[in-house]
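Novice: Coordinates for the following, if possible.
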Amino acid sequence: MRDIQVLYQAHLQQLLSETGPLLESLGYQGLLVASGSPRPCFLDDHDYPFVVNPHFKRWLPLTDNPHCYLLLRVGERPRLLYHQPRDYWHAAAGAAEGYWVDSFDIEPVADAEAALKTLAGWDLHGVACIAEAPEPAAELPGVATNPPALMAALHYARACKSEYELHCLREANRIAAKGHRAARDAFFGGDSELEVHLRYLAACGHTEAQSPYGNIVAFNQNAAILHNDRYGVKPPAQRHSFLIDAGATFEGYIADITRTYAAREGLFADLVARMDQEQQGIASEVKAGVEFVALHERMHQRLAAVLSDSGILNCDADTAFGEGITRLFFPHGLGHLIGLQTHDVGGWQINAAGDRCPPHSDYPALRLQRTLQERMAVTIEPGLYFIDQLLEPQRENPHLNWPLIDTLRPCGGIRIEDTLVALPGGAENLTRPAFTALD
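Specialist: Take a look at the predicted model:
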């Protein structure tokens, strides 16, 4: 792998070469991107954890410093207002350092007020601004905030990754794989859901605020809750299963990995092994030019065979798929775009102009309906769950083998998730090699 500084400089030049003509075509003289501001808790004296503007961290890996501003003008060197406060109440940012600093003209500012005063002295007439409201810089004369045409074009382009971005995604997956191994060992070692969660964070070297999303740690029937984030403090009396959906970050880019484990051999363990096989099977179909909706439907066909072969359904696979029975067991989408955000933007966009397709009539929870393009990063995460709210209304359905379903209900469900990058002849799996490297 080439040095990360070389990869980053190529990434930055690519962004500059793409963004300049886009701004000119839309009539803008430049682009101002705010890192963001902390948000205070209601009626309290502390803030919610700071989350950086994803548009800001696409340009530079500065993810934990609010009140920073990046100004881009066509043909000029990028300028960065760098927030460097003198603060003994909180840990404050030191001098800017790292492989990215040589690419910017950096001007330190002591606080948000100083940053705004500096911005007011710049000529920002005709400049587009990307920032979360409320943002004082957005009120400066001549600034156009979050213009829809610009936002749509940037969101659409984000799906396809540069070599630098792919490097960051690989590193994030390596970090997350360490956490997943620690979590697996903690489960089989007798820990509670909360203890597993904490061991995961420790292995990744992350705080909760640094994690890309709240870890989903689910024992037994809790695995039927798609986003279980209320951790049991005490170990359960009996262990049947363990589902963990947890990620990590590297330079602002995100890993999103799910694994499921059976506590012992038996039918549920066989189902986990079969779902892992089917997940790898559908992953092998990922490549540039494939419609993601078609992959999602083929996964439902694969799941229909799993349900029929295992005896969970009293019908053949064609009937299970044709009558939509698989949707009772797999209610979410096969995957989503991933990168700067866990569920990255642009999954329903038809084009760079911002036209969007409606939710799919059969699969409204599917977050991605685009044709896969080269270097597009997506998750592949099929599931098989025993969710009371979905199954109970079907009590009279003769195709459901209720005695077997009731036997499996305490196990909750199965989800297995990797990140893949579409290529012309197939895909690169960014997740599996990270686990293999730990063996």
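
Novice: Enumerate every residue touching the nearest residue to residue 223 once chain neighbours are set aside.
Specialist: Distances taken as Cβ to Cβ, 6 or more residues apart in numbering put residue 412 closest to residue 223, at 2.8 Å, once the chain neighbours are dropped. Heads up, the C-betas are built off the backbone N, CA and C, glycines and all. Residues counted as contacts of residue 412 (Cβ atoms under 8 Å, 6 or more residues apart in numbering) are 218-225, 240-241, 243, 385-386.

Novice: same thing but at 6 Å, please
Specialist: By Cβ atoms under 6 Å, 6 or more residues apart in numbering, the contact set of residue 412 is 220-224, 241.

Novice: Look up the pLDDT of the closest residue to residue 426 other than its chain neighbours for me, please.
Specialist: Nearest non-adjacent residue to residue 426, counting by Cβ to Cβ, 6+ apart: residue 287, 5.1 Å away. Looking at residue 287, its pLDDT is 98.

Novice: Kindly provide the distance from residue 383 to residue 317.
Specialist: Counting by Cβ to Cβ, to the nearest Å, the separation of residue 383 from residue 317 is 17 Å.

Novice: For these two, indicate the residue with more neighbours.
Specialist: Remark: of residue 383 and residue 317, residue 383 carries more neighbours, 25 against 18, as counted by other Cβ atoms under 10 Å.

Novice: Apart from its neighbours in sequence, what residue is nearest the more buried one?
Specialist: residue 415 (4.1 Å).

Novice: same deal with residue 209?
Specialist: With Cβ to Cβ, 6+ apart as the criterion, residue 209 has its nearest non-adjacent residue at 3.8 Å, and that residue is residue 49.

Novice: Check which helix or strand the one you found maps to.
Specialist: Of the helices and strands defined by DSSP states H and E, none includes residue 49.

Novice: Could you check how many residues crowd around it?
Specialist: Using other Cβ under 10 Å: residue 49 sits among 12 other residues.

Novice: hmm, back to that, which members of the contacts of residue 412 occur in helices, if any?
Specialist: In helices, defined here by DSSP state H, there are no members of the contacts of residue 412.

Novice: where along this structure do the strands fall?
Specialist: 30-34, 69-73, 79-83, 105-109, 127-130, 143-145, 216-219, 241-250, 253-262, 377-380, 383-385, 413-415, 418-423, 426-429 (DSSP state E).

Novice: so which of these comes closest to residue 12?
Specialist: With Cβ to Cβ as the measure, strand 69-73 is the member of these nearest residue 12 (10.4 Å).

Novice: just checking, what packs against that closest one?
Specialist: Secondary-structure packing of strand 69-73 (3 or more Cβ pairs under 6 Å, 6 or more residues apart in numbering; DSSP states H and E): strand 30-34, strand 79-83.

Novice: Contact partners for the spatially most central residue of the chain?
Specialist: Residue closest to the average C-alpha location in the chain (Cα atoms, centre = their mean): residue 342, at 1.3 Å. For residue 342, the contacting residues are 212-213, 254, 256, by Cβ under 6 Å, 6+ apart.

Novice: one more time with 8 Å
Specialist: Shown in contact with residue 342 (Cβ under 8 Å, 6+ apart): 212-213, 247, 254, 256, 336.

Novice: is it true that the residue nearest to residue 426 touches residue 421?
Specialist: No: assessed by Cβ atoms under 8 Å, residue 287 is found out of contact with residue 421, at 10.2 Å.

Novice: got any residues that touch both of those two?
Specialist: Common neighbours of residue 287 and residue 421 are listed as residue 427 (criterion: Cβ under 8 Å, 6+ apart).

Novice: These two - which one has more neighbours?
Specialist: The residue with more neighbours, out of residue 287 and residue 421, is residue 421; 24 against 15, by other Cβ under 10 Å.

Novice: nearest residue to that one other than its sequence neighbours?
Specialist: The nearest residue in space to residue 421 (Cβ to Cβ, 6+ apart) is residue 428, at 4.7 Å.

Novice: which residues does the residue nearest to residue 339 when sequence neighbours are not counted bridge with?
Specialist: Residue nearest to residue 339 in three dimensions, not counting chain neighbours: residue 377, with 5.6 Å by Cβ to Cβ, 6+ apart. Counting by DSSP bridges, residue 377 is bridged to residue 421.

Novice: Can you report how many residues neighbour residue 377?
Specialist: Neighbour tally, residue 377, other Cβ under 10 Å: 25.

Novice: burial count for residue 89?
Specialist: Neighbours of residue 89 (other Cβ under 10 Å): 6.

Novice: same check, this time on residue 263
Specialist: 18.

Novice: The residue nearest to the centre of the chain and residue 287: what is the separation?
Specialist: With Cβ to Cβ as the criterion, residue 342 and residue 287 are 23 Å apart.

Novice: which one's the longest helix in the protein?
Specialist: Assignment by DSSP H gives helix 163-188 as the longest helix of the chain.

Novice: So which bits of that one are buried?
Specialist: Neighbour counts over helix 163-188 (16 or more other Cβ atoms under 10 Å) mark 163-184, 186-187 as buried.

Novice: how about the helices in the stretch 1-150 of the chain?
Specialist: For the stretch 1-150 of the chain, the helices defined by DSSP state H, counting those that start in this stretch cover 4-25, 54-59, 112-120, 148-157.

Novice: Give me the distance from the second one to the chain's centre.
Specialist: For helix 54-59, the distance from its own C-alpha centre to the chain's C-alpha centre is 15 Å (Cα atoms, centre = their mean, to the nearest Å).

Novice: And stretch 33-49, by the same measure?
Specialist: That offset, for stretch 33-49, works out to 22 Å (Cα atoms, centre = their mean).

Novice: Identify each buried residue in that stretch, please.
Specialist: Using 16+ other Cβ under 10 Å as the test for burial, stretch 33-49 gives 33-37.
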